[in-house]
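Colleague: Based on what follows, work out the 3D shape:
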Amino acid sequence: MALFDELRASIVNGNPEAAATLTRKALQEGQKAENILHEALILGIHEVGERFGRNEIYLPELLVSGMAMKEAVAVLKPLLADPGIKTSGKALIATVRGDLHDIGKNLVGMMLEGAGFEVIDLGIDIPSERIVKAARENHAQLICLSSLLTTTMPAMKETIQEMKKAGLRQKVKIMVGGAPVTQRYADEIEADGYAPDAPSAVKKAKEILS
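Modeller: As a prediction, this is how the structure comes out:
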């Protein structure tokens, strides 16, 4: 469909205004929100992720594509809240206690939303007790923890331990990421997944929830 192709291109080219306008147009033409999400937006952001992985685009382009995705998803959100619409899952995201960085976290959140996840962003400098409480209250299926400082990485392990104490560890998958975080560290603290960047975070999230 030509309109879906245009919409997909608006995500790939990082045009937030066009993405929102074309999403509204698709709805006006009678397209279902779920179809717009899965057959246009998600395909677009998937292509962006593939290009990023091949070093054909870089972080600035990734950010504007993420913004375009966010604008389009915002148009669909009231309709996607319909209980009859199937989402990819419910994810909590947070930058751990002691860390005030949020660019990476925000990008992951935008891309998860674009991939059909219901995302609850707890913010920055979040203590493990609050993450556990939010996971229980929101019946989260996935927790994404971000750390950009080596000094705050232990808070990831602490959060996983607190999830165990609360009896929630077997019910919720936990993914970690951030500049100093590695697969080895993720394995060491018994996280379910690790992602070095936002596109791979979406891929990993779907993988560990499947």
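Colleague: List the contacts of the spatially most central residue of the chain.
Modeller: The residue at the geometric middle of the chain, judged as the C-alpha nearest the mean C-alpha position with CA atoms, centre = their mean, is residue 112 (2.5 Å). Residues touching residue 112, when contacts are defined by CB atoms under 8 Å, 6 or more residues apart in numbering, comprise 88, 91, 93, 119, 144, 201-202, 205. For the C-beta atoms, the positions are set from N, CA and C on the backbone; glycine is no exception.
Colleague: ok, 10 Å please
Modeller: Residue 112 is in contact with 88-89, 91, 93, 118-119, 121, 142, 144, 198, 201-202, 205-206, counting by CB atoms under 10 Å, 6 or more residues apart in numbering.
Colleague: biggest helix in the protein by residues?
Modeller: Counting by DSSP state H, the longest helix found in the chain is helix 59-80.
Colleague: Please spell out which residues along that helix are buried.
Modeller: Neighbour-count burial for helix 59-80 flags 61-73, 75-76, 80 (criterion: 16 or more other CB atoms under 10 Å).
Colleague: In its sheet, which strands sit next to the following helix or strand past it, and in what direction?
Modeller: With elements assigned by DSSP states H and E, the helix or strand that comes after helix 59-80 is strand 89-96. Sheet neighbours of strand 89-96, with direction, are listed as strand 117-126 (parallel), strand 142-146 (parallel) (DSSP bridges).
Colleague: which of these is buried the deepest?
Modeller: strand 142-146 (a mean of 27; mean count of other CB atoms under 10 Å).
Colleague: angle of the following helix or strand past that strand against strand 89-96?
Modeller: Using DSSP H and E, the helix or strand that directly follows strand 142-146 along the chain is helix 154-165. Orientation check (axes from the mean of the first three to the mean of the last three CA atoms, to 10 degrees): helix 154-165 against strand 89-96 gives 130 degrees.
Colleague: Return the set of buried residues in the one helix or strand in the chain whose mean pLDDT sits lowest.
Modeller: Confidence across the helices and strands of the chain bottoms out at helix 103-114, with a mean of 81, counting by mean pLDDT, DSSP states H and E. Neighbour-count burial for helix 103-114, with 16+ other CB under 10 Å as criterion, is recorded at 104-114.
Colleague: Now find how far off-centre stretch 152-170 is within its chain.
Modeller: Here stretch 152-170 shows a centroid-to-chain-centroid distance of 20 Å under the convention CA atoms, centre = their mean, to the nearest Å.
Colleague: Tell me which residues of it come out buried.
Modeller: Applying a neighbour-count criterion of 16+ other CB under 10 Å, one finds 152-153, 155-160, 162-163, 166, 168-169 buried in stretch 152-170.
Colleague: picking up where we left off before, would you reformat the buried residues of helix 103-114 as TSV and include distance to residue 47?
Modeller: TSV is the format used below for the buried residues of helix 103-114 (distance: CB to CB, whole Å):
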residue	distance to residue 47
104	21
105	23
106	21
107	16
108	18
109	20
110	16
111	12
112	17
113	17
114	12
